[in-house]
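**Student:** Sequence first, then the predicted structure:
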Amino acid sequence: MNNNAGERTVLVLAPAKVNLVLRVLDRRPDGYHNLWSLMHTVGLEDELHVRLTAEPDASSPVRLACDDPTLPTDGRNLVRRAAELVLERAAAQGRPVPGVDIRLTKRIPMGGGLGGGSSDAAATILGLNHVLGLGWSVSEMAKLGESLGSDVPFFLFAPCARVRGRGEDVAPLTLAGTRWVVLVNPGFPIETRWAYQRLAESRRGVRPLSAALVTLMGRDRLSWNEVVPLMENDFEGALAPVHPALTAIKTELLLAGAEGALLSGSGATVFGIFHDEAAAVRARDLVGRSEGRRAFAAPAGTGPLTCG
(Lines give C-alpha, C1' and ligand atoms only; values in the text may rest on other atoms or scores of the structure.)
Protein backbone atom coordinates (compact mmCIF):
# COMPACT_ATOMS: atom_id res chain seq x y z
CA MET A 1 0.00 0.00 0.00
CA ASN A 2 1.26 3.50 -0.90
CA ASN A 3 0.97 6.40 1.55
CA ASN A 4 2.45 9.37 -0.32
CA ALA A 5 1.19 12.97 -0.17
CA GLY A 6 -2.20 12.17 1.26
CA GLU A 7 -2.83 9.32 -1.14
CA ARG A 8 -3.36 5.69 -0.19
CA THR A 9 -3.55 2.87 -2.72
CA VAL A 10 -4.40 -0.79 -2.41
CA LEU A 11 -4.59 -3.63 -4.94
CA VAL A 12 -7.31 -6.26 -4.51
CA LEU A 13 -7.61 -9.33 -6.72
CA ALA A 14 -11.24 -10.30 -7.34
CA PRO A 15 -11.60 -13.99 -8.28
CA ALA A 16 -14.21 -15.72 -10.37
CA LYS A 17 -16.42 -18.38 -8.80
CA VAL A 18 -18.03 -21.59 -9.93
CA ASN A 19 -21.12 -23.28 -8.50
CA LEU A 20 -20.18 -26.87 -7.77
CA VAL A 21 -23.82 -27.33 -6.78
CA LEU A 22 -26.67 -24.95 -7.61
CA ARG A 23 -30.21 -25.84 -6.63
CA VAL A 24 -32.98 -23.30 -7.25
CA LEU A 25 -35.72 -23.95 -4.71
CA ASP A 26 -39.00 -22.25 -3.82
CA ARG A 27 -39.86 -18.64 -4.59
CA ARG A 28 -39.59 -16.24 -1.67
CA PRO A 29 -42.15 -13.57 -0.69
CA ASP A 30 -39.70 -10.90 -1.98
CA GLY A 31 -39.84 -12.44 -5.48
CA TYR A 32 -36.40 -14.03 -5.35
CA HIS A 33 -35.77 -17.77 -5.09
CA ASN A 34 -34.24 -19.66 -2.20
CA LEU A 35 -30.98 -21.20 -3.34
CA TRP A 36 -28.77 -24.00 -2.12
CA SER A 37 -25.30 -23.75 -3.57
CA LEU A 38 -21.77 -24.91 -2.97
CA MET A 39 -19.51 -22.22 -4.36
CA HIS A 40 -15.76 -22.06 -4.86
CA THR A 41 -13.43 -19.37 -6.13
CA VAL A 42 -11.13 -19.87 -9.11
CA GLY A 43 -7.82 -18.15 -9.77
CA LEU A 44 -9.07 -16.15 -12.75
CA GLU A 45 -9.06 -12.65 -11.29
CA ASP A 46 -10.03 -9.08 -12.03
CA GLU A 47 -7.73 -6.41 -10.59
CA LEU A 48 -8.91 -3.40 -8.61
CA HIS A 49 -6.56 -0.55 -7.76
CA VAL A 50 -8.31 1.55 -5.11
CA ARG A 51 -6.77 4.94 -4.39
CA LEU A 52 -7.84 7.55 -1.87
CA THR A 53 -7.19 11.17 -2.75
CA ALA A 54 -7.16 14.16 -0.46
CA GLU A 55 -9.83 16.04 -2.40
CA PRO A 56 -12.97 14.37 -3.77
CA ASP A 57 -14.20 15.25 -7.24
CA ALA A 58 -16.78 18.02 -7.22
CA SER A 59 -19.42 15.91 -8.98
CA SER A 60 -18.87 12.61 -7.16
CA PRO A 61 -16.48 11.25 -4.54
CA VAL A 62 -15.98 8.10 -6.67
CA ARG A 63 -14.22 7.96 -10.02
CA LEU A 64 -14.13 4.61 -11.82
CA ALA A 65 -12.11 3.66 -14.89
CA CYS A 66 -12.16 0.27 -16.61
CA ASP A 67 -10.04 -1.21 -19.38
CA ASP A 68 -13.15 -2.76 -20.97
CA PRO A 69 -15.05 -0.02 -22.81
CA THR A 70 -18.23 -2.13 -22.96
CA LEU A 71 -18.61 -2.07 -19.18
CA PRO A 72 -20.53 0.98 -17.91
CA THR A 73 -18.79 2.94 -15.17
CA ASP A 74 -21.81 4.90 -13.97
CA GLY A 75 -24.36 3.95 -11.32
CA ARG A 76 -25.11 0.66 -13.09
CA ASN A 77 -21.66 -0.63 -12.15
CA LEU A 78 -21.47 -2.63 -8.92
CA VAL A 79 -17.99 -1.34 -8.12
CA ARG A 80 -19.16 2.25 -8.17
CA ARG A 81 -22.27 1.42 -6.16
CA ALA A 82 -20.22 -0.50 -3.61
CA ALA A 83 -17.76 2.38 -3.19
CA GLU A 84 -20.53 4.93 -2.79
CA LEU A 85 -22.26 2.71 -0.23
CA VAL A 86 -19.07 2.31 1.82
CA LEU A 87 -18.45 6.07 1.82
CA GLU A 88 -22.06 6.72 2.80
CA ARG A 89 -21.79 4.35 5.77
CA ALA A 90 -18.39 5.75 6.73
CA ALA A 91 -19.79 9.28 6.70
CA ALA A 92 -22.69 8.13 8.90
CA GLN A 93 -20.07 6.96 11.40
CA GLY A 94 -18.61 10.46 11.47
CA ARG A 95 -15.62 9.83 9.24
CA PRO A 96 -14.49 12.35 6.62
CA VAL A 97 -15.28 11.29 3.05
CA PRO A 98 -12.22 11.32 0.79
CA GLY A 99 -12.08 11.08 -2.97
CA VAL A 100 -11.80 7.56 -4.36
CA ASP A 101 -10.25 6.61 -7.69
CA ILE A 102 -10.74 2.99 -8.76
CA ARG A 103 -9.08 1.37 -11.76
CA LEU A 104 -10.67 -1.93 -12.76
CA THR A 105 -8.92 -4.43 -15.02
CA LYS A 106 -11.38 -7.06 -16.29
CA ARG A 107 -10.37 -10.64 -16.99
CA ILE A 108 -13.52 -12.51 -15.91
CA PRO A 109 -16.02 -12.80 -18.79
CA MET A 110 -19.16 -10.75 -18.20
CA GLY A 111 -22.55 -12.46 -18.22
CA GLY A 112 -20.81 -15.79 -17.81
CA GLY A 113 -22.13 -17.08 -14.50
CA LEU A 114 -18.74 -16.52 -12.86
CA GLY A 115 -19.75 -13.74 -10.48
CA GLY A 116 -17.26 -11.18 -11.76
CA GLY A 117 -19.36 -8.13 -10.94
CA SER A 118 -20.17 -9.43 -7.46
CA SER A 119 -16.53 -10.29 -6.80
CA ASP A 120 -15.49 -6.80 -7.90
CA ALA A 121 -18.05 -5.29 -5.51
CA ALA A 122 -16.79 -7.43 -2.62
CA ALA A 123 -13.21 -6.46 -3.44
CA THR A 124 -14.21 -2.79 -3.43
CA ILE A 125 -15.77 -3.10 0.02
CA LEU A 126 -12.72 -4.94 1.34
CA GLY A 127 -10.26 -2.49 -0.21
CA LEU A 128 -12.02 0.59 1.13
CA ASN A 129 -12.43 -0.98 4.56
CA HIS A 130 -8.66 -1.46 4.53
CA VAL A 131 -7.48 1.93 3.28
CA LEU A 132 -10.05 3.89 5.31
CA GLY A 133 -9.22 1.93 8.46
CA LEU A 134 -12.91 1.25 9.12
CA GLY A 135 -12.28 -1.95 11.04
CA TRP A 136 -15.41 -3.68 9.78
CA SER A 137 -15.59 -7.44 10.29
CA VAL A 138 -16.16 -9.88 7.45
CA SER A 139 -19.76 -10.28 8.62
CA GLU A 140 -20.29 -6.50 8.60
CA MET A 141 -18.86 -6.20 5.09
CA ALA A 142 -20.99 -9.13 3.90
CA LYS A 143 -24.11 -7.51 5.33
CA LEU A 144 -23.31 -4.37 3.37
CA GLY A 145 -22.79 -6.43 0.23
CA GLU A 146 -26.23 -8.07 0.46
CA SER A 147 -27.92 -4.98 -0.94
CA LEU A 148 -25.65 -5.03 -4.00
CA GLY A 149 -26.10 -8.60 -5.21
CA SER A 150 -26.85 -12.14 -4.09
CA ASP A 151 -23.32 -13.41 -4.71
CA VAL A 152 -21.46 -10.52 -3.04
CA PRO A 153 -21.48 -11.93 0.53
CA PHE A 154 -19.94 -15.23 -0.62
CA PHE A 155 -16.77 -13.59 -1.89
CA LEU A 156 -16.10 -12.09 1.53
CA PHE A 157 -16.10 -15.61 3.00
CA ALA A 158 -14.16 -17.23 0.12
CA PRO A 159 -12.67 -19.51 -1.08
CA CYS A 160 -15.42 -22.10 -0.43
CA ALA A 161 -18.83 -21.88 1.19
CA ARG A 162 -22.31 -23.33 1.26
CA VAL A 163 -24.75 -20.57 0.34
CA ARG A 164 -28.46 -20.59 1.09
CA GLY A 165 -31.43 -18.24 1.03
CA ARG A 166 -31.08 -15.41 -1.44
CA GLY A 167 -27.32 -15.61 -0.92
CA GLU A 168 -27.09 -14.00 2.50
CA ASP A 169 -26.73 -17.27 4.45
CA VAL A 170 -23.07 -18.15 3.91
CA ALA A 171 -21.34 -21.00 5.77
CA PRO A 172 -17.61 -21.22 4.98
CA LEU A 173 -16.26 -24.70 4.28
CA THR A 174 -12.86 -26.26 3.89
CA LEU A 175 -12.57 -28.33 0.72
CA ALA A 176 -9.58 -30.61 1.22
CA GLY A 177 -7.23 -31.28 -1.65
CA THR A 178 -6.23 -29.28 -4.71
CA ARG A 179 -7.79 -29.07 -8.15
CA TRP A 180 -7.48 -27.08 -11.36
CA VAL A 181 -10.50 -25.65 -13.14
CA VAL A 182 -10.95 -25.11 -16.87
CA LEU A 183 -13.48 -22.39 -17.68
CA VAL A 184 -14.92 -22.32 -21.20
CA ASN A 185 -17.09 -19.39 -22.19
CA PRO A 186 -19.00 -20.03 -25.44
CA GLY A 187 -18.70 -16.41 -26.55
CA PHE A 188 -22.19 -15.23 -25.66
CA PRO A 189 -23.75 -14.08 -22.37
CA ILE A 190 -26.91 -15.38 -20.74
CA GLU A 191 -29.08 -12.84 -18.96
CA THR A 192 -29.91 -14.01 -15.43
CA ARG A 193 -33.55 -12.93 -15.47
CA TRP A 194 -34.17 -14.78 -18.73
CA ALA A 195 -32.49 -17.89 -17.31
CA TYR A 196 -34.87 -17.87 -14.33
CA GLN A 197 -37.84 -17.44 -16.66
CA ARG A 198 -36.66 -20.35 -18.78
CA LEU A 199 -36.20 -22.50 -15.68
CA ALA A 200 -39.72 -21.71 -14.46
CA GLU A 201 -41.20 -22.58 -17.86
CA SER A 202 -39.32 -25.85 -18.21
CA ARG A 203 -39.94 -27.55 -14.88
CA ARG A 204 -43.13 -28.81 -13.30
CA GLY A 205 -42.06 -28.36 -9.69
CA VAL A 206 -39.16 -28.03 -7.30
CA ARG A 207 -37.18 -31.16 -6.54
CA PRO A 208 -36.21 -31.56 -2.88
CA LEU A 209 -32.56 -31.61 -1.96
CA SER A 210 -31.01 -35.03 -2.36
CA ALA A 211 -30.16 -37.00 0.76
CA ALA A 212 -26.47 -36.62 -0.12
CA LEU A 213 -26.70 -32.81 -0.10
CA VAL A 214 -28.69 -32.82 3.11
CA THR A 215 -25.90 -34.75 4.82
CA LEU A 216 -23.42 -32.03 3.83
CA MET A 217 -25.31 -29.32 5.66
CA GLY A 218 -23.88 -30.13 9.07
CA ARG A 219 -20.25 -30.42 7.96
CA ASP A 220 -17.57 -27.75 7.70
CA ARG A 221 -14.94 -29.87 5.95
CA LEU A 222 -15.34 -31.83 2.73
CA SER A 223 -13.05 -33.25 0.05
CA TRP A 224 -13.03 -32.80 -3.70
CA ASN A 225 -13.52 -36.55 -4.05
CA GLU A 226 -16.79 -36.26 -2.13
CA VAL A 227 -18.07 -33.19 -3.93
CA VAL A 228 -17.34 -33.92 -7.59
CA PRO A 229 -19.87 -36.80 -7.85
CA LEU A 230 -22.55 -34.49 -6.41
CA MET A 231 -22.09 -31.65 -8.92
CA GLU A 232 -25.42 -30.43 -10.36
CA ASN A 233 -27.01 -27.22 -11.59
CA ASP A 234 -30.76 -26.76 -12.05
CA PHE A 235 -30.20 -24.27 -14.87
CA GLU A 236 -28.31 -26.73 -17.03
CA GLY A 237 -31.28 -28.80 -18.18
CA ALA A 238 -33.39 -25.69 -18.75
CA LEU A 239 -30.84 -23.81 -20.86
CA ALA A 240 -29.18 -26.60 -22.84
CA PRO A 241 -32.08 -27.07 -25.30
CA VAL A 242 -31.87 -23.39 -26.22
CA HIS A 243 -28.07 -23.26 -26.25
CA PRO A 244 -26.72 -26.65 -27.46
CA ALA A 245 -23.19 -25.20 -27.28
CA LEU A 246 -23.37 -25.68 -23.49
CA THR A 247 -23.87 -29.43 -23.83
CA ALA A 248 -21.16 -29.64 -26.47
CA ILE A 249 -18.62 -27.91 -24.21
CA LYS A 250 -19.52 -30.11 -21.25
CA THR A 251 -19.10 -33.24 -23.35
CA GLU A 252 -15.75 -32.05 -24.71
CA LEU A 253 -14.44 -31.29 -21.21
CA LEU A 254 -15.38 -34.76 -20.00
CA LEU A 255 -13.75 -36.34 -23.05
CA ALA A 256 -10.66 -34.25 -22.34
CA GLY A 257 -10.35 -35.86 -18.92
CA ALA A 258 -12.40 -33.72 -16.54
CA GLU A 259 -13.52 -35.48 -13.35
CA GLY A 260 -16.74 -33.53 -13.63
CA ALA A 261 -18.11 -30.70 -15.77
CA LEU A 262 -21.02 -28.34 -15.22
CA LEU A 263 -22.63 -25.06 -16.15
CA SER A 264 -21.71 -22.33 -13.65
CA GLY A 265 -24.45 -20.13 -12.24
CA SER A 266 -27.06 -19.24 -14.83
CA GLY A 267 -24.42 -19.52 -17.57
CA ALA A 268 -23.01 -19.23 -20.04
CA THR A 269 -19.61 -20.51 -18.84
CA VAL A 270 -19.10 -24.27 -18.49
CA PHE A 271 -16.28 -25.55 -16.28
CA GLY A 272 -14.40 -28.79 -15.78
CA ILE A 273 -12.53 -30.05 -12.71
CA PHE A 274 -9.03 -31.49 -13.24
CA HIS A 275 -6.48 -33.10 -10.92
CA ASP A 276 -3.48 -31.07 -12.02
CA GLU A 277 -2.29 -28.10 -14.05
CA ALA A 278 -0.89 -30.09 -16.98
CA ALA A 279 -4.20 -31.86 -17.61
CA ALA A 280 -6.10 -28.59 -17.26
CA VAL A 281 -3.88 -26.75 -19.72
CA ARG A 282 -4.21 -29.52 -22.30
CA ALA A 283 -7.99 -29.45 -21.96
CA ARG A 284 -8.09 -25.66 -22.17
CA ASP A 285 -6.13 -25.71 -25.41
CA LEU A 286 -8.25 -28.49 -26.86
CA VAL A 287 -11.75 -27.39 -25.88
CA GLY A 288 -11.06 -23.69 -26.21
CA ARG A 289 -9.86 -23.79 -29.79
CA SER A 290 -13.33 -23.58 -31.34
CA GLU A 291 -14.14 -20.18 -32.82
CA GLY A 292 -15.77 -17.70 -30.47
CA ARG A 293 -14.86 -19.52 -27.27
CA ARG A 294 -12.71 -18.12 -24.48
CA ALA A 295 -11.00 -20.71 -22.29
CA PHE A 296 -8.98 -20.39 -19.12
CA ALA A 297 -7.14 -22.83 -16.86
CA ALA A 298 -6.70 -21.74 -13.25
CA PRO A 299 -6.30 -23.32 -9.83
CA ALA A 300 -9.24 -23.57 -7.48
CA GLY A 301 -8.97 -20.81 -4.92
CA THR A 302 -7.01 -21.50 -1.76
CA GLY A 303 -7.50 -18.37 0.31
CA PRO A 304 -9.74 -15.42 1.11
CA LEU A 305 -9.87 -12.03 -0.58
CA THR A 306 -6.85 -10.03 0.52
CA CYS A 307 -5.42 -6.56 -0.02
CA GLY A 308 -1.99 -6.39 -1.59
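**Tutor:** Perfect, I can see it now. Here the structure is a predicted model, which is why all the values come from computation and not from measurement.

**Student:** Would you state the strands of the stretch 101-250 of the chain in chain order?
**Tutor:** 160-165, 169-172, 174-176, 180-185, 221-223, 232-233 (DSSP state E, counting those that start in this stretch).

**Student:** Need the winner for burial among these.
**Tutor:** Neighbour counts (mean count of other CB atoms under 10 Å) averaged over each of those peak at strand 180-185, with a mean of 27. The C-beta positions use only the backbone N, C-alpha and C, and glycine is treated the same way.

**Student:** Neighbouring strands - and their directions - for that one?
**Tutor:** strand 270-274 (antiparallel), strand 294-299 (antiparallel) (DSSP bridges).

**Student:** one step back: just send the strands of the stretch 101-250 of the chain back as a markdown table, with distance to residue 291 and mean pLDDT too.
**Tutor:** Shown next, in a markdown table, are these (distance: least, CB to CB, whole Å; pLDDT from 0 to 100):
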| stretch | distance to residue 291 | mean pLDDT |
| --- | --- | --- |
| strand 160-165 | 34 | 96 |
| strand 169-172 | 39 | 96 |
| strand 174-176 | 35 | 95 |
| strand 180-185 | 13 | 98 |
| strand 221-223 | 38 | 96 |
| strand 232-233 | 25 | 98 |
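
**Student:** do you know which of those lies nearest residue 269?
**Tutor:** Each of those has some distance to residue 269 by CB to CB; the shortest is strand 180-185, at 4.7 Å.

**Student:** what residue is smack in the middle of the protein?
**Tutor:** residue 115 (2.8 Å; CA atoms, centre = their mean).

**Student:** thought that one was touching residue 155?
**Tutor:** Yes. The pair residue 115 / residue 155 is scored as a contact, 7.1 Å apart, by CB atoms under 8 Å.

**Student:** Now the common contact residues for the two.
**Tutor:** residue 17 (CB atoms under 8 Å, 6 or more residues apart in numbering).

**Student:** Based on its surroundings, how many neighbours for residue 34?
**Tutor:** Residue 34 has 16 neighbours, counted by other CB atoms under 10 Å.

**Student:** Quick check: it is in a strand.
**Tutor:** Yes. Applying DSSP: H, G, I helix; E, B strand; the rest coil, one finds residue 34 inside a strand.

**Student:** What is the burial count for the residue nearest to it when sequence neighbours are not counted?
**Tutor:** The shortest distance from residue 34 to any non-neighbouring residue, by CB to CB, 6 or more residues apart in numbering, is to residue 25 (4.3 Å). Residue 25: 16 surrounding residues under other CB under 10 Å.

**Student:** looking at this, residue 25 is in a strand?
**Tutor:** Yes. Assessed by three-state DSSP, residue 25 belongs to a strand.

**Student:** what pLDDT does the spatially closest residue to residue 135 that is not a sequence neighbour get?
**Tutor:** Of all residues not flanking residue 135 in the chain, residue 129 sits nearest, at 7.6 Å (CB to CB, 6+ apart). Confidence at residue 129, expressed as pLDDT, is 96.

**Student:** My guess is residue 84 contacts residue 63. True?
**Tutor:** No. Look at residue 84 against residue 63 with CB under 8 Å: they stay out of range, at 11.3 Å.

**Student:** gap between the helix or strand bottoming out on mean pLDDT in the chain and the chain center?
**Tutor:** Lowest on mean pLDDT, DSSP states H and E among the helices and strands of the chain sits helix 211-216, with a mean of 90. Centroid separation for helix 211-216 versus its chain: 24 Å, with CA atoms, centre = their mean, to the nearest Å.

**Student:** going forward, begin numbering at 16 instead of 1
**Tutor:** Taking 16 as the first residue, the last one we looked at is helix 226-231.

**Student:** Other residues contacting it?
**Tutor:** Applying CB under 8 Å, 6+ apart, the contact partners of helix 226-231 are 36, 38, 51, 53, 177, 237, 245.
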